[in-house]
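Chemist: no FASTA, just this:
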Ligand code: NAD
Ligand code: WQD
């Protein structure tokens, strides 16, 4: 299959591009590298033994995207591109709405013009907001998220649903990711956030490697087993496989449908830190801090629909996620900016 991947140089995109190349797909990446490095795709090519074709382009550049579609003639699209920092979205809502909605409208227009009707969309568990109790079931969402970033996912799910209902040729998968962490087992590609990480796993990894001093634990008074927040962490390689499963499913299914991509298991903040301590062999200093505004006590997936319909389930546990994240972080302490040892 010829698959065009927007945001294919990013954290989840790079792992998915690798999974597609490894199964023999012809892969085209469109990325403006606003939040990623071209080195990620060089590494992907190195692991796979062959490279995706890369177009450095803003997805919102509709004329440019039109030319890429005319040249590449993709069969399907996976759409990862977008802004994703929750706190930044609260501070700059207009930028988030304009960017995440605008680039998706451009993409849909170009797809329509070129009669490409198969789309896998990066949604998020954030679309469940706080309207349900864990485990979250697909029937229960989306109902509205707590911040502008999440709200763009809610709105885009709506837009994509309307688009699919208006024209039966569309085949759209809305993939609601829980908390992706970990890295490819090679240690060559992984999560490389710019600036201080917002999310727990990269923060913990950077403390373990000595880039940051200690982990702030945001609340130890939640009604959970150890008082800290519980999440459904999913290995990014399992998540990538979920995209391949969704693409396969769309070969035989028209319309639009949502699937949770999670493990169905909950892990607390302290359990995740302990897993990184075990993986790294280092002690990770922590400090209990007040709850972070907008955080939920618990969030994990009901995974039954993805198992039944996509024939996919996550296989890797927390220990493997921490070990793989640590291999990436320790081998690349400054992410893709790390100067290889031996280089002058
Ligand atoms: P990421 O920032 O690493 O990847 C996004 C990629 O898109 C980057 O390579 C960036 O350069 C590119 N990009 C951004 N705007 C673009 C534009 N206008 N044109 C072209 N390229 C552009 O993020 P990620 O963690 O890999 O997330 C991928 C998708 O999954 C996002 O849509 C995100 O909202 C969603 N998601 C992520 C998580 C998570 O925790 N990482 C959870 C749920 C959903
Ligand atoms: C996990 C747990 C924190 C940092 C976010 C987005 C969500 C989705 C994934 C895209 C919570 C605690 C965190 C820290 C901590 N992204 N924590 N110290 O909040 O579940 O989800 O990323 O769609 O939309 O909201 O993930 O990794 O930020 O937090 O104690 O320094 O770790 O309170 O319990 P979250 P997270």
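Modeler: That came through, no problem. Bear in mind that the values here come from a model prediction, so they are computed numbers and not experimental data. Ligands and ions are numbered 1, 2, ... in the order given.
Chemist: Contact partners for the closest residue to residue 80 other than its chain neighbours?
Modeler: If the residues on either side of it in the chain are set aside, residue 80 comes closest to residue 7, at 3.3 Å by Cβ to Cβ, 6 or more residues apart in numbering. Quick note: C-beta positions are derived from backbone N, CA and C, even for glycine. For residue 7, the residues meeting the contact criterion (Cβ atoms under 8 Å, 6 or more residues apart in numbering) are 13, 30, 31, 36, 59, 79, 80, 81, 82, 122.
Chemist: I'd like the list of these that fall within helices, please.
Modeler: residue 13 (DSSP state H).
Chemist: of all the contacts of residue 7, which comes closest to residue 89?
Modeler: The closest of the contacts of residue 7 to residue 89 turns out to be residue 82 (Cβ to Cβ; 10.6 Å).
Chemist: Tell me the pLDDT of the residue nearest to residue 80.
Modeler: The pLDDT attached to residue 7 in the predicted structure is 98.
Chemist: how far away is it from residue 315?
Modeler: Distance, residue 7 to residue 315, using Cβ to Cβ, to the nearest Å: 25 Å.
Chemist: again with residue 231
Modeler: The span separating residue 231 from residue 315 equals 18 Å under the rule Cβ to Cβ.
Chemist: And residue 137, by the same measure?
Modeler: Distance from residue 137 to residue 315, counting by Cβ to Cβ: 22 Å.
Chemist: Compare the two (neighbour count), which wins?
Modeler: More neighbours sit around residue 137 than around the other of residue 137 and residue 315, counting by other Cβ atoms under 10 Å; the figures are 15 against 11.
Chemist: Do I have it right that residue 26 meets residue 2?
Modeler: Yes - using Cβ atoms under 8 Å, residue 26 and residue 2 qualify as a contacting pair, with a distance of 4.4 Å.
Chemist: quick one, what contacts residue 96?
Modeler: 83, 88, 89, 148, 149, 152.
Chemist: Quickly find the element holding it.
Modeler: Under the criterion of DSSP states H and E, residue 96 resides in helix 93-113.
Chemist: Report how many residues lie close to the nearest residue to residue 54 once chain neighbours are set aside.
Modeler: Counting by Cβ to Cβ, 6+ apart, residue 54 lies nearest to residue 29, which is 4.7 Å off, once chain neighbours are set aside. Look at residue 29: counted by other Cβ under 10 Å, it has 27 neighbours.
Chemist: Contacts only, for residue 29.
Modeler: By Cβ under 8 Å, 6+ apart, the contact set of residue 29 is 4, 5, 8, 9, 13, 17, 41, 52, 53, 54, 55.
Chemist: show me where the protein has strands.
Modeler: Under the criterion DSSP state E, strands of the chain are mapped to 2-6, 26-31, 53-56, 76-79, 118-124, 171-177, 179-181, 215-218, 230-231, 233-235, 255-261, 267-268, 286-289, 298-299.
Chemist: Get me the contact residues on the stretch 101-250 of the chain for ligand 2.
Modeler: Within the stretch 101-250 of the chain, the residues that sit near ligand 2 (Cβ under 6 Å from any ligand atom) are 124, 126, 150, 179, 198-200, 203, 215-218, 229, 231.
Chemist: and with 5 Å instead?
Modeler: Along the stretch 101-250 of the chain, the residues adjacent to ligand 2 under the rule Cβ under 5 Å from any ligand atom are 124, 126, 199, 200, 203, 217, 218, 229, 231.
Chemist: thinking again about what came up before, comparing residue 26 and residue 2, which residue is more hemmed in?
Modeler: Under the neighbour definition other Cβ under 10 Å, residue 26 and residue 2 were set side by side, and residue 26 has more, 17 against 14.
Chemist: roughly how far apart are that one and residue 110?
Modeler: If you measure residue 26 against residue 110 using Cβ to Cβ, the figure is 19 Å.
Chemist: Residue 193 too?
Modeler: With distances taken as Cβ to Cβ, residue 193 is found 29 Å from residue 110.
Chemist: So between those two, which is more surrounded?
Modeler: Neighbours per residue, other Cβ under 10 Å: of residue 193 and residue 110, the larger number sits with residue 110, 22 against 16.
Chemist: Many thanks, I have nothing further to ask.
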